[in-house]
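Here is my input; please provide its structure:
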Amino acid sequence: MAFEFKGAGFGTGGGFKISGDSPSPIDGVQYSDNAEVDSAAELHALESAYIQRRKAEDKRKRDATDSEYWFAVCFESRAEKEAFLHAIGAKKRLHGDKYLRGRDLARLLNIDMKE
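Below is the predicted model:
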């Protein structure tokens with residue numbers, strides 16, 4: 001679901017509307033010609049869609065703000081660090097000598113990183 005701000009100080013044109021590729025949450029509602037039953041079914045569909053969207057947004061926010069995806073390794077000397085990098089086959093020009101991408105390091109250590 002995308003928001004378009006038109007005429008709200010964010011561009012030209014007029015109005016505020018919700019648009020996007022997402023189907024309407026009430027598209028799957030089966031109507032019974034009973035206003036009370038149909039209203040309850042629509043409300044349930046909207047509530048379910050809201051809960052799903054909230055969960056997706058919570059995950060997106062966690063993924064975007066998570067800083068616990070790295071770690072540091074420290075040696076006693078530069079010589080030890082360089083010996084380690086040499087021993088695992090790291091190439092300074094290709095991999096660097098301070099910050100190595102985790103997947104590159106895993107590949108050098110023959111560790112299969114399944115997602």
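
mind giving me the domain split of this protein?
Per automatic domain parsing, the structural domains of the chain span 2-65, 70-115.

Could you give the number of residues near the nearest residue to Arg103 once chain neighbours are set aside?
Spatial nearest neighbour of Arg103, chain neighbours left out: Met113 (5.8 Å); criterion: C-beta to C-beta, 6 or more residues apart in numbering. C-betas here are computed from N, CA, C, even on glycine. Look at Met113: counted by other C-beta atoms under 10 Å, it has 9 neighbours.

How about Glu42?
Residues near Glu42, counting by other C-beta under 10 Å, number 14.

Correct me if wrong: it contacts Asp27.
No: counting by C-beta atoms under 8 Å, Glu42 does not reach Asp27; the two are 10.7 Å apart.

shared neighbours, the two?
Common neighbours of Glu42 and Asp27, counting by C-beta atoms under 8 Å, 6 or more residues apart in numbering, are absent.

mind listing the strands for this structure?
For the chain, the strands defined by DSSP state E occupy 2-5, 16-19.

thinking again about what came up before, would you list the domains of the chain in JSON lines and tack on mean pLDDT?
Output for the domains of the chain, formatted as JSON lines (pLDDT from 0 to 100):
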{"stretch": "domain 2-65", "mean pLDDT": "81"}
{"stretch": "domain 70-115", "mean pLDDT": "90"}
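
distance of Val29 from Leu43?
Here the criterion is C-beta to C-beta, to the nearest Å. By it, Val29 lies 10 Å from Leu43.

More neighbours: these two, which one.
Val29 (16 against 12).

ok, how many other residues are close to the nearest residue to that one once chain neighbours are set aside?
Leaving aside its sequence neighbours, Val29 sits nearest to Ala41 (C-beta to C-beta, 6+ apart; 4.9 Å). Each residue near Ala41 was counted by other C-beta under 10 Å, and the total is 17.

for Asp58, same thing?
10.

Could you do Leu85 as well?
For Leu85, the neighbour count with other C-beta under 10 Å is 20.

Gly102 now?
By the criterion of other C-beta under 10 Å, Gly102 has 12 neighbours.

At which residues are the helices of this structure located?
For the chain, the helices defined by DSSP state H cover 35-65, 78-87, 92-95, 102-108.
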